[in-house]
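S.K.: coordinates only, sequence not included:
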Ligand SMILES: *Cc1c(COP(=O)(O)O)cnc(C)c1O
């Protein structure tokens with residue numbers, strides 16, 4: 001895809017777009033929430049559907065001229081239902097946060113109670129953080145991971161649910177390396193007679209491929225993002241039983257949003273079609289295999305991992321034991337300088353701050369999309385370890401940076 005027309009109209013933006021493509025090509029994306037969509041998804045997302053108002057739903061719109069928008073949205077819905085086995089699907093949420101907002105809007109009144117995982121332990125802003133509308137609109141209590149094991153404290157969650165009497169229990173996380181036991185969370189929600197929202201934003205692709213157990217059919221509502229492991233471009237999605245369908249649909253529109261981003265919905269439709277191909281299962285399996293290799297190799301290098309390993313696409317490193325004087329931000333910065341991009345993250349029992357936490361989160365979805373296998377991931381892990389051990393040593397950072405260049409050339413991305 002060339003940006004020559006953008007360049008004519010707006011050279012400054014064209015420069016930034018070209019530079020961003022080069023940045024993605026020339027660096028290793030290990031941010032666990034990121035991925036690289038196919039050229040087909042990119043092309044669908046830049047279609048003329050960006051011009052179209054399609055408030056409403058397929059077959060029942062508030063505007064004329066929606067026949068092609070209807071085709072696209074219905075395809076996205078049908079494919080999502082097949083991918084996740086859901087009764088009802090809404091593909092219009094602009095983002096994962098918007099999807100969660102619609103669930104809360106449909107089922108809760110202001111002041112109602114949300115029980116969710118602590119942000120510091122791997123939760124998400126849209127699960128009740130004071131800086132988010134959820135924390136400002138609802139009454140929030142939080143459950144934790146067991147500080148010893150790093151696993152969700154399911155017993156503690158159940159006790160908290162019985163004591164707090166929430167209206168909704170939220171599961172699904174941003175920085176949790178282990179398989180979630182949906183039924184145990186459902187049991188806690190049942191004990192409090194509460195709804196259960198399972199937010200699978202990070203693991204949509206792993207769940208679709210059957211690599212992670214599914215909350216569909218267990219939780220009342222399942223929300224997700226479409227740009228993380230499922231690789232269908234930026235956006236959100238909601239799944240539920242037919243009995244909640246009308247409430248959810250009207251909470252998305254007109255409750256939380258106006259016109260849907262039809263060009264993004266086209267991207268979702270194409271990405272979902274790709275995910276229905278058998279090769280997607282192979283991809284998802286490789287994502288988790290690569291994460292396990294990453295985890296084992298990090299441990300070989302002396303790093304301590306929250307929960308001691310991973311079942312999914314990410315690992316969470318607690319630097320405090322192996323590198324007590326190094327913060328997550330130090331590592332994030334040092335690695336970015338050599339072309340490895342990941343993020344600093346809080347760890348359970350955080351003793352620093354959210355801005356300069358004690359951990360790093362590392363994910364394998366994007367590198368796996370580029371074709372990285374176990375051998376390549378092992379080498380990347382060795383590069384990470386070298387930089388974390390000697391961030392100030394120029395010889396190390398230069399040789400690691402040169403090797404990153406070779407690896408990005410060997411696994412080309414966008415042309
Ligand atoms: C990424 C994520 C979301 C979605 O966030 P948006 O940036 O709003 O798309 C929602 N919930 C969890 C748990 C996430 O990790």
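M.R.: Looks like it came in fine. Predicted model, so just to flag it, every value in this text is computed and none were measured. Residues are numbered from 1 along each chain as shown.
S.K.: tell me the contacts of the closest residue to the ligand within the stretch 51-200 of the chain?
M.R.: Proximity of the stretch 51-200 of the chain to the ligand (C-beta to the nearest ligand atom) peaks at residue 96, 2.2 Å away. The way it works is simple: take the backbone N, C-alpha and C, and place the C-beta from them, glycine included. When contacts are counted by C-beta atoms under 8 Å, 6 or more residues apart in numbering, residue 96 touches 124, 126, 199, 201, 223, 224, 225, 236.
S.K.: swap in residue 218?
M.R.: Contacts of residue 218 by C-beta under 8 Å, 6+ apart are 182, 183, 186, 196, 198.
S.K.: out of those, which sit inside strands?
M.R.: 196, 198 (DSSP state E).
S.K.: and for residue 110, nearest residue in space, chain neighbours not counted?
M.R.: residue 137 (5.2 Å; C-beta to C-beta, 6 or more residues apart in numbering).
S.K.: then residue 381?
M.R.: Excluding its sequence neighbours, the residue lying closest to residue 381 (C-beta to C-beta, 6+ apart) is residue 297, at 3.9 Å.
S.K.: which strand or helix spans the one you found?
M.R.: Counting by DSSP states H and E, the element that carries residue 297 is helix 278-300.
S.K.: so which residues make contact with that helix?
M.R.: In contact with helix 278-300 (C-beta under 8 Å, 6+ apart) are residues 177, 205-206, 208-211, 229, 274, 305, 309-315, 317, 362-365, 367-369, 372-374, 377-378, 380-382, 384-385.
S.K.: same check, this time on stretch 55-62
M.R.: 53-54, 63, 66, 69-70, 73-74, 77, 249, 253-254, 258-260.
S.K.: same deal with stretch 238-256?
M.R.: By C-beta under 8 Å, 6+ apart, stretch 238-256 touches 55-57, 80, 84, 86-90, 92-93, 98-99, 101-103, 105-107, 216, 220-224, 260.
S.K.: kindly write the ChimeraX command that selects the buried subset of these.
M.R.: A single ChimeraX command is used to select the members of the contacts of stretch 238-256 judged buried by 16 or more other C-beta atoms under 10 Å:
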select :56,57,80,84,86,88,89,90,92,93,98,99,101,102,103,105,106,107,216,220,221,222,223,224,260
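S.K.: that older thread, and the ligand, which of the contacts of residue 96 contact it?
M.R.: Among the contacts of residue 96, the ones lying near the ligand by C-beta under 6 Å from any ligand atom are 124, 126, 199, 201, 225, 236.
S.K.: quick check: closest non-adjacent residue to the first one.
M.R.: Same thing as residue 124. residue 174 (4.8 Å).
S.K.: how near is that neighbour to residue 97?
M.R.: 11 Å (C-beta to C-beta, to the nearest Å).
S.K.: near the ligand, which residues of the stretch 101-250 of the chain are found?
M.R.: So the stretch 101-250 of the chain meets the ligand at 124, 126, 172, 173, 174, 199, 201, 202, 225, 236 (C-beta under 6 Å from any ligand atom).
S.K.: tell me which of these fall in helices.
M.R.: Among those, no member is found in helices (DSSP state H).
S.K.: and these, which is closest to residue 327?
M.R.: residue 174 (19.4 Å; C-beta to C-beta).
S.K.: state the number of residues packed around that closest one.
M.R.: Residue 174 is flanked by 22 other residues according to other C-beta atoms under 10 Å.
S.K.: pLDDT weak spots in the chain?
M.R.: 1 (pLDDT under 70).
S.K.: quickly list the domain ranges of it.
M.R.: As recorded under automatic domain parsing, the domains making up the chain are 43-275, 280-410.
S.K.: would the shortest one count as contacting the ligand?
M.R.: Same thing as domain 280-410. No - Domain 280-410 lies apart from the ligand when judged by C-beta under 6 Å from any ligand atom; the minimum separation is 10.4 Å.
S.K.: ends of that domain, what's the gap?
M.R.: 22 Å (C-alpha to C-alpha, to the nearest Å).
S.K.: in three-state terms, label residue 116 for me.
M.R.: strand (DSSP: H, G, I helix; E, B strand; the rest coil).
S.K.: so it makes contact with residue 144?
M.R.: No - using C-beta atoms under 8 Å as the test, residue 116 is too far from residue 144 to be in contact (10.8 Å).
S.K.: re earlier: strands - which of the ones next to the ligand among the contacts of residue 96 land there?
M.R.: Those of the ones next to the ligand among the contacts of residue 96 lying in strands (DSSP E): 199, 225, 236.
S.K.: out of those, which end up buried?
M.R.: By 16+ other C-beta under 10 Å, these give 199, 225, 236 as buried.
S.K.: my read: residue 17 touches residue 3, true?
M.R.: Yes - taking contacts as C-beta under 8 Å, residue 17 lies within contact range of residue 3: 5.1 Å.
S.K.: identify the contacts common to the two.
M.R.: Contacts common to residue 17 and residue 3, judged by C-beta under 8 Å, 6+ apart, are absent.
S.K.: quick one: contacts for the residue nearest in space to the middle of the chain?
M.R.: Geometric centre of the chain, nearest residue: residue 202, 3.0 Å, by C-alpha atoms, centre = their mean. For residue 202, the contacting residues are 32, 33, 172, 173, 174, 225, 228, 229, 312, 313, 314, by C-beta under 8 Å, 6+ apart.
S.K.: how about residue 16?
M.R.: With C-beta under 8 Å, 6+ apart, residue 16 has no contacts at all.
S.K.: helices of the stretch 101-250 of the chain, start to end?
M.R.: 133-137, 154-164, 182-191, 204-208, 245-250 (DSSP state H, counting those that start in this stretch).
S.K.: deepest-packed of these, please.
M.R.: Most buried of those by mean neighbour count (mean count of other C-beta atoms under 10 Å) is helix 204-208; its value is a mean of 27.
S.K.: what helices or strands is that one leaning on?
M.R.: helix 67-84, helix 278-300 (3 or more C-beta pairs under 8 Å, 6 or more residues apart in numbering; DSSP states H and E).
S.K.: list of residues touching the first one?
M.R.: So the one you mean is helix 67-84. 49, 52, 54, 57-59, 61, 86-92, 204, 207-208, 214, 216, 222, 230, 237, 239, 260, 262, 265-266, 268-269, 272-273, 275-276.
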